[in-house]
Structure formats: structure tokens, C-alpha cells
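Undergrad: Predicted model follows, preceded by the sequence.
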Amino acid sequence: MLNIGVLGCGKIAQVRHIPEYAANQGAKLTGFFDMDAQRTGEIAAKYNGKAYSSAQELLADPDIEGVSVCVANHAHAELAIAALQAGKHVLCEKPMAVTLAECEAMLAEADKAGKRLLIGQNQRLAKAHVKAKELLEAGEIGKVVTFRTTFGHGGPETWSITPGNNTWFFDKKRAAMGAMADLGIHKTDMLRYILGQDIVRTTARLLTLDKRGADGQFIGVDDNAICIYETSGGAFGTMTASWTHYGMEDNSTILYGTQGIMRIYDDPVHTITVISQKGEVTHYDLEKIQTNDDQTASGVIDEFVEAVSQNRPSVLDAGDVIRSMKAVFASIRSSEEGRPVEVEL
Ligand SMILES: NC(=O)c1ccc[n+]([C@@H]2O[C@H](COP(=O)([O-])OP(=O)(O)OC[C@H]3O[C@@H](n4cnc5c(N)ncnc54)[C@H](O)[C@@H]3O)[C@@H](O)[C@H]2O)c1
């Protein structure tokens, strides 16, 4: 039984981490801390755990063996490192951290402590992406030549536990990055994972086109990002992240290979559609992807508990996810400098 502490009891903790730990036979929700003391108290009471008055107090509890880090982006590294130093295994939400130096420090600390560090890249576990990877490895559409992948919705201001235009997601100090790191990291990471290739070069533009803060001014982070990615296997395509797709979420990926086309989450009925070079159509009808409005089990928590308990490698291991973060940071630099940037891996 893995005793769990949860740092940050906002939306992602309440809709995924906490209920998925509660449903997992191998885990026990032991303690909670959120900087909002009332929220800590309510969640601790609801799940029969202990309410701590600081992260340090929770981390000093020797009973706690694993920690979920579910706080605003800027505090991921600080809390993950503190948890590893306290001898806990860590499941940290995405984006892994807000600078490459922070990501590297987290990995170094996990290594030093001999503890696991997994990142909540749930798109790797989505049924369609698991199947797509399998089909690609079997050569179903040949060699991928081009692609387009998109993650867009109407923005995080209706999602956060404290909704509205004052949300931390819009604040550069706490979010650091906008749609690119909120949604772009998902598709960048998923693409690397299903292709089994790295992003080696990026040409990107990150813009703030529509979102305004409570003061009526444009927010300090990007609300749209479009990246042209080149991969280690020679594929070339676009990755779009947007907080201004009002009305309906877009989670689609289309891969164009030498032997056909694969459309993933691009049709409300068929999860994957493969179209062969001759035009034959095959549908794979699997579980729908979880959206902001339709939460299904992410599988991330089960993966963390099992990987730690069985001491086995995980697809969510930070050592691989950092390579996706490098593509994100390179894209930000490309946009700032107005030129293609090589991803230093
Ligand atoms: N994997 C996914 O698909 C996914 C989806 C949504 C959010 N997230 C990530 O989860 C993290 C949390 O996002 P959210 O949607 O739950 O936001 P939220 O605004 O709903 O909740 C954040 C919570 O963290 C608390 N908090 C902030 N800083 C803290 C600190 N230093 N110490 C303790 N508590 C602190 C806040 O009081 C709040 O309760 C973010 O990094 C976000 O990117 C991941």
C-alpha cells in the first residue's frame, strides 16, 4: 500500500488525482495541503485524510511515501525537489517545470534520492494514442512524412477551481507560459511518443490574440502557438495549441504516411480512422478522450502507483518527458528570436 500526500487540491487534483487514488487498491490517500487552508480542510474531511498547514509539514510525515504535485506551474520544481529530498516518490503535473534548468534539477534530485519522478502526460495513456503507436510500429501507414496535431479549447479561465480572468493561468509569474505549455506540451509529448522520434528543430510563433485579464489588458502569456516541427525520423508538420477555440475542443492528430493516412480523435464517432494508399477505410472505435467537460479516468495515477510499487519503468518517466520540454523551450526561443531553433537533446 502506497501512502499518498497531495500538494495542491485544485481542479486537476479534485477531478483526476484524488478520485483515481481513492479508486486504486494499491494506494491510500493520507494527507493534503493547499495554500488555501479552507480547500485543504474540505478535501481532507471528504477523503478522511490529514490536513497539513504547509507543504513542509506534509513532506516531513514519514508515513507518506508518494506525492502528487498539483499546484500552479511556477511551484512544480520547488515542491517536486522538496518532496524528493524528503524521500518521497513524485508524480508531478505538466508542464514538468517552467525552465530547462528546473527540469534538469528535478531529474538530478530524483537520481540522487533514488526515488521515482513521473510527469502527468496523460495523453500518452489515452487509448487511441496507445493504439496509434501500435499501428505505426506495425507499419500500417508506412513512414510518416507529414502531420498536423492540434489541442485547442476555449481557455482555462472556466476550468480552474478559481475561475475567471484573474486565474493564475493568465499570470506570467505563476503560469510562466500560456497555451504552448498548457496544451502544446501535451501534443508535443504525444507526438514524440507515438512516432518514437524526437523533435529536432522548431520554427514557432507564440501570440496573444484575444485573452484579456481582469484589468482589460492582454494577458502576459501566449493564448495561441503554432510550431513547425521537424523530427529525428525526417517527418515535418505542425503543432497547434490554442486557448481561443471557442465552442468545441479540438484534440485531433492526422499523420500522413508513405502507405496511407491515420486520423486520430478527428471524428466524433470513430476514434481512429486509417485510410490506405488505395483508399480502403478502417475504423477503430475506442474510448473517447477526456475533455474539460467530460472527465474519464486518466490512468496516470494507476500508472504511478504500479510503477512505484513494482519498481518498473514507466512511459511517464521524467527522463523522457524532459525531451518534450526541450522542444517547448526551443519553440519559445524560436518565437522570441524569429528563426528556426535546433532542439538540443
Ligand atoms: N494533465 C492535464 O491534462 C492537466 C489538466 C489541467 C491542469 N493540469 C496542471 O495541473 C496543475 C494545477 O492546475 P489546476 O487546473 O488544478 O489549477 P487550479 O487553479 O484549479 O488549482 C490550483 C491549486 O493549487 C493551489 N496552489 C497554487 N500554488 C500553490 C502552492 N505553491 N502551494 C500549495 N498550493 C498551491 C491553489 O490554491 C489551487 O487550489 C497545473 O500545473 C496545470 O498545468 C494538468
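TA: Perfect, thanks for sending it.
Undergrad: which parts of the stretch 151-300 of the chain sit against the ligand?
TA: Where proximity means CB under 6 Å from any ligand atom, the interface of the stretch 151-300 of the chain facing the ligand comprises 159, 160, 161, 162, 168, 182. C-beta here means a position set from N, CA and C on the backbone, and glycine is covered the same way.
Undergrad: By neighbour count, which of those wins?
TA: Within those, residue 182 tops the neighbour count with 25 neighbours, counted by other CB atoms under 10 Å.
Undergrad: three-state assignment of that one?
TA: On the three-state scheme (DSSP: H, G, I helix; E, B strand; the rest coil), residue 182 is labelled helix.
Undergrad: What score does it have for pLDDT?
TA: Reading off the confidence values, residue 182 has pLDDT 98.
Undergrad: Check which helices and strands the helix of greatest length in the chain is in contact with.
TA: Counting residues, the longest helix found in the chain (DSSP state H) is helix 318-337. Secondary structure elements in contact with helix 318-337, counted by 3 or more CB pairs under 8 Å, 6 or more residues apart in numbering; DSSP states H and E, are helix 100-113, strand 117-119, helix 185-195, strand 199-207, strand 224-231, strand 341-342.
Undergrad: touching the ligand at all, it?
TA: No. When contact is scored as CB under 6 Å from any ligand atom, no part of helix 318-337 falls within range of the ligand; the minimum is 11.7 Å.
Undergrad: So which bits of that helix are buried?
TA: The neighbour-count criterion (16 or more other CB atoms under 10 Å) identifies 318, 320-322, 324-332, 334-335 as the buried residues of helix 318-337.
Undergrad: got the angle for that helix vs helix 185-195?
TA: With axes from the mean of the first three to the mean of the last three CA atoms, to 10 degrees as the criterion, the two stretches helix 318-337 and helix 185-195 enclose an angle of 120 degrees.
Undergrad: So that it lines up with my notes, have the first residue be 578 from now on.
TA: Sure, I'll start numbering at 578, so the last one becomes helix 895-914.
Undergrad: how far out from the middle of the chain is helix 895-914?
TA: Centre-to-centre, helix 895-914 and its host chain are 13 Å apart (CA atoms, centre = their mean, to the nearest Å).
Undergrad: next one: stretch 618-631
TA: The chain centroid and the centroid of stretch 618-631 are separated by 26 Å under CA atoms, centre = their mean.
Undergrad: what sits up against that stretch?
TA: Stretch 618-631 has contacts (CB atoms under 8 Å, 6 or more residues apart in numbering) with 582-583, 586, 590-591, 595, 599, 606-611, 614, 617, 635, 638.
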